[in-house]
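> give me the fold of what follows.
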Amino acid sequence: MTPRITPIALAISLLGLSTAPSAQENGAGKTRTAGPPAAGPPAAISAAATSPYSVKPVKPAAAASAGAITKVEVKGSAEEYDPRREDTASKTVLGHEEIIKYGDTNVFEVLKRAPGVTVIGNSIRMRGLGNGYTQILVNGERPPPGFSLDTLPPEQIEKIEVVRAATAEHSMQAIAGTINIILKKVVSKPQRDLRINTARSDQNKNLFVLGTLADRSGSLSYYLNGMLGRSLGRNANDSTEQFSAPSGQVMQLRDKHSLTQNDSTMLGLQPRLNWKLPNDDQLNLSGFVQAQRYDSASDTATDNRVGSFPRPDYVARHSDNDGKSHFAGADVNWVAKLAGGKLDAKVAASRGRSDNDSSSLSSTEGLAARLLRDTDSSSRYTNSSTTGKYTRTIFDDHALATGWEASRQESEDANLRTEGILGAQPARIAEAFHPIVTKTAFFAQDEWNVTKQWSIYQGVRWESIRTDSSGTGLQTTQSRNHVLSPVAQTLYKFPDKSGRQLRLALTRTFKAPATNQLSARRYEADLNTRFNPDYSGNPDLRPELANGIDLTYEHFFAPGAVFSVGTSQRKIKDYIRSKLTQDGRGYWLIQPLNDGNAQTRTLDVELKFPLKAIMKDAPGFDFRASVNRNWSKVDSVPGPDNRLDQQVPLSAVLGADYREDKYSAGASFSFRAGGPVRVSEQQSSRLQARRELEAYLLYKIRTGLQLRLAVNNALGQDNLSDSRYQDANGASQTWSRAPASARVQANLEMKF
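Numbers count the residues shown, from 1 in each chain. Alright, predicted model coming up:
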């Protein structure tokens, strides 16, 4: 990458003099050193000619002598810098202009256009893997418990980084990759807007009102975003449960029909302040407040078709669930020049509370027996953290960064359960749980431009995670793990300036167990069966460790156009899976455990280009297509189909967008393959194949007023699931179907 040239350095070089290295920042925010140029004007002019920054003289002074200095100004734009093309670390960056380009209403819609990303509802996946394998960050950090991405409108997002191969700067808990959502800090111009969004399907309908107020005065700028929303849902589910003897004879068969209705109201506020301090330092204050109220009611009816079931056989159930929650947090960020480099440090804290009241009444045939369960629960969350990064240049073409990260998350849960058969004295059970998670990390990284065509990135990160868990009737447990993760990446650009380049990355990443997986706390089912087991954590769980390699070929064949082919492999040690067993009392129990090794491989192909890249006078169409093929294998599970649980084996997206002055429109068709998955020797499930069609139309009614209409799941495909458990006693199988329909939404945006 060509270094940025300062006006002073260029002026001195034009006189044939030398200058000491000067640390500057390019459009990507990376630190580079403009080293001493060769003497004489030719070298300086050559350096300026290869830079993306324009050079022009400003007010040339009359030459009073042969030694007169000509003042020049170097101008550049961050938009001219493409991180995907220039950064050694492999990542795709969606800038603010691209994020708001098509009028998307939330971050999930934006990420559907990101290459290598699969969005299933509100689940974001890379390499087909969810369930903790894909790391989601906001401003480089994991959001605190209770934080919802639904409250982040696209207009508030500065950029989104899709990081395929891990970097030492962020947590290495990213076996599949990292999505880093970076919010705006500095306001360049006043912004006052109001957005009204409504959506409706046969199952759900909602209404959201979002507003933004932003401005600047001198060195101070502020940004305030607010959101108020309400959602109503009416969701049905039909399932069939069957138990067969080893001979194949059906011994038990029953159907279940359930209907759940819910109502929730959500409020969110996110203020930010930015001060420009002397010497280009910055002080940033950010905060968030979220509150929610919700209630739901569910009815389930069971029709026993074949055989009898253990007594008491509860064939009808009604439940109510009411709750409220609120969370608030703030952080202070200081950016300052220090000792020839730059320090970016932050301190954050948040606190929240969630209260829930749930009750259920289960009845046997003819109301012969009725079981009442009522649970009042309260959870309090306290989080604090600090992060820091120091960057500076050393020697020529080296960008060095070091930093730290530390956090403490504490929750206090209190439950009071009342349960018993109506007509008898109920039991009252008080429970308390208190998990604490402490994390510490340090990292160092260096990026070195060896030549104009070849650059190397190398780094190392040490992370420690400690989980302390205690509770009523439980032994106090402690889980402590630490991981040392080296990483190396390299980028080679072909010297013919054709836009072709090759990337290679070697990484060591991990997946830490979730807090509930480490707790010995047991969650008891109303009626314990193979289909409805209890759940308990495992304090002895170890993190999954993964050694990975990525190889990618990219060809930027025109402005805004790219073709890429990438392949990767991850070898995973201490793979965590959930196992269904029976305890000593005969109760069915799901519990996580480390179970040997696993591996996953991927092949990614992406093509993205504007039509003008191949037809000079073409209309404003943008085309995109991607195919992601994923393979995986769990060594401890017999094949076939012994892949990682819920991994999407194949996904493909084909989309087109059109934009002109008043209209924008687009559509995309996505396909996700499914098939059987062998979870263990006894357990198996089936991942549903899906075809989804989405389309939108954006109409700019007038300046400052636009309307966006969209349809999701236009094909109206239902949600299906299938699971099976088989042992020497026979086979249990359950099928379920949740009806779904097309979702139509409208978004009206007004700017004042």
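> what bridges to the residue most central in space within the chain?
Closest residue to the average C-alpha location of the chain: residue 136 at 2.9 Å, with C-alpha atoms, centre = their mean. Taking DSSP bridges, one obtains residue 179 as the residues bridged to residue 136.
> for it, give me its contacts.
For residue 136, the contacting residues are 124, 142-143, 149, 178-179, 181, by C-beta atoms under 8 Å, 6 or more residues apart in numbering. Using the backbone N, CA and C atoms, a C-beta is placed for each residue, glycine as well.
> what does residue 437 give?
Contact analysis of residue 437 by C-beta under 8 Å, 6+ apart lists 407-410, 465-467, 515.
> again, only using 6 Å
Contact partners of residue 437, counting by C-beta atoms under 6 Å, 6 or more residues apart in numbering, are 409, 467, 515.
> pretty sure it is in a strand, no?
Yes: under the criterion used here (DSSP: H, G, I helix; E, B strand; the rest coil), residue 437 sits inside a strand.
> leaving out chain neighbours, which residue sits closest to it?
Leaving out its chain neighbours, the residue that sits closest to residue 437 by C-beta to C-beta, 6 or more residues apart in numbering is residue 409, at 4.5 Å.
> that neighbour is in contact with residue 383, isn't it?
Yes: between residue 409 and residue 383 there is a contact at 4.9 Å, judged by C-beta atoms under 6 Å.
> so which bits of the biggest strand by length in the chain are buried?
Scanning the chain for the longest strand, with DSSP state E as the assignment, gives strand 250-276. Neighbour counts over strand 250-276 (16 or more other C-beta atoms under 10 Å) mark 252-254, 256, 258, 260, 262, 264, 266, 268-272, 274 as buried.
> now do stretch 217-231
By neighbour count with 16+ other C-beta under 10 Å, stretch 217-231 contains the buried residues 221, 223-227, 229, 231.
> buried sites along the helix or strand hosting residue 194?
Of the helices and strands defined by DSSP states H and E, residue 194 is found in strand 191-200. Along strand 191-200, the positions that meet the burial threshold by neighbour count (16+ other C-beta under 10 Å) are 191, 193, 195, 197, 199-200.
> hmm, back to that, which members of the contacts of residue 136 define the maximum pairwise distance?
149 and 178 (14.6 Å; C-beta to C-beta).
> residue ranges with poor pLDDT in this protein?
1-81, 102-103, 131, 146 (pLDDT under 70).
> the helices in it, which residues?
Counting by DSSP state H, one finds helices in the chain at the ranges 7-14, 41-49, 83-86, 96-100, 107-111, 515-518.
> verify the contact between residue 621 and residue 611 for me.
Yes: using C-beta under 6 Å, residue 621 is in contact with residue 611, at 4.1 Å.
> hmm, back to that, among the buried residues of stretch 217-231, which lie within strands?
Cross-referencing the buried residues of stretch 217-231 against strands under DSSP E gives 221, 223-227, 229, 231.
> pull the most distant pair out of the buried residues of strand 191-200.
Checking the buried residues of strand 191-200 against each other with C-beta to C-beta, the farthest-apart pair comes out as 191 and 200, at 29.1 Å.
> what sits closest to residue 294 if chain neighbours are left out?
The spatially closest residue to residue 294, leaving aside those adjacent along the chain, is residue 264, at 3.9 Å (C-beta to C-beta, 6+ apart).
> the one you found is in contact with residue 231, isn't it?
Yes: taking contact to mean C-beta under 6 Å, the distance of 5.1 Å between residue 264 and residue 231 places them in contact.
> sorry, back to before: give me the contacts around the strand holding residue 194.
For strand 191-200, the external contacting residues (C-beta under 6 Å, 6+ apart) are 105, 206-214, 743-752.
> if any of the residues you listed are buried, give me the PyMOL selection for them.
Selecting only the buried members of the contacts of strand 191-200 in PyMOL, with burial defined as 16+ other C-beta under 10 Å, works like this:
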select buried, resi 105+206+208+210+211+212+213+214+743+744+745+747+749
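> ok so, going back, which one's more surrounded, residue 149 and residue 178?
In this view residue 149 and residue 178 are compared by other C-beta atoms under 10 Å, and residue 178 has more residues nearby, 24 against 16.
> OK, contacts around that one?
The neighbourhood of residue 178, defined by C-beta under 6 Å, 6+ apart, consists of 135, 163, 170.
> at 8 Å what do you get?
By C-beta under 8 Å, 6+ apart, the contact list for residue 178 reads 134-137, 161-163, 166, 170.
> then residue 327?
For residue 327, the contact set (C-beta under 8 Å, 6+ apart) comprises 144-147, 288-291, 350-353, 381.
> from residue 610, how far out is residue 672?
From residue 672 across to residue 610, the span is 27 Å (C-beta to C-beta, to the nearest Å).
> which residues in the stretch 501-650 of the chain form strands?
Per DSSP state E, counting those that start in this stretch, the stretch 501-650 of the chain carries strands over the ranges 522-523, 534-536, 544-558, 561-573, 576-582, 588-594, 598-610, 621-634, 650-659.
> quick one, the last one and strand 598-610 angle?
Strand 650-659 runs at 20 degrees relative to strand 598-610, counting by axes from the mean of the first three to the mean of the last three C-alpha atoms, to 10 degrees.
> how about strand 650-659: buried residues?
Along strand 650-659, these residues count as buried under the neighbour rule (16+ other C-beta under 10 Å): 650-651, 653, 655, 657-659.
> now render those as a markdown table, adding distance to residue 315.
Rendered in a markdown table, the data for those read as follows (distance: C-beta to C-beta, whole Å):
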| residue | distance to residue 315 |
| --- | --- |
| 650 | 41 |
| 651 | 40 |
| 653 | 44 |
| 655 | 48 |
| 657 | 52 |
| 658 | 55 |
| 659 | 57 |
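> between all of those residues, which two are at the greatest distance?
Between all members of the buried residues of strand 650-659, the farthest pair (by C-beta to C-beta) comes out as 650 and 659, at 30.3 Å.
> one step back: for the contacts of residue 178, give me TSV that also has distance to residue 494.
As requested, the contacts of residue 178 are arranged in TSV below (distance: C-beta to C-beta, whole Å):
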residue	distance to residue 494
134	31
135	32
136	34
137	33
161	25
162	24
163	24
166	26
170	29
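> among those, who's most crowded?
In those, the most neighbours by other C-beta under 10 Å go to residue 166, 30 neighbours.
> please list all residues in contact with that one.
172, 174, 177-178, 485, 487, 507, 509.
> ok, it to residue 445 distance?
11 Å.
> tell me what the closest residue in space to residue 339 that isn't next to it in sequence is bridged to.
Distances taken as C-beta to C-beta, 6+ apart put residue 392 closest to residue 339, at 7.4 Å, once the chain neighbours are dropped. Judged by DSSP bridges, the bridge partners of residue 392 are residue 400.
> from memory residue 392 sits against residue 341, does it?
Yes: at 2.6 Å, residue 392 and residue 341 qualify as touching, with contact defined as C-beta atoms under 8 Å.
> domain parsing for the chain?
The record assigns the chain these domain ranges, following automatic domain parsing: 7-80, 83-183, 191-243+265-472+486-751.
> just those: most buried one?
domain 83-183 (a mean of 20; mean count of other C-beta atoms under 10 Å).
> quote the end-to-end distance of that one.
From the first residue to the last, domain 83-183 extends over 17 Å; the measure is C-alpha to C-alpha, to the nearest Å.
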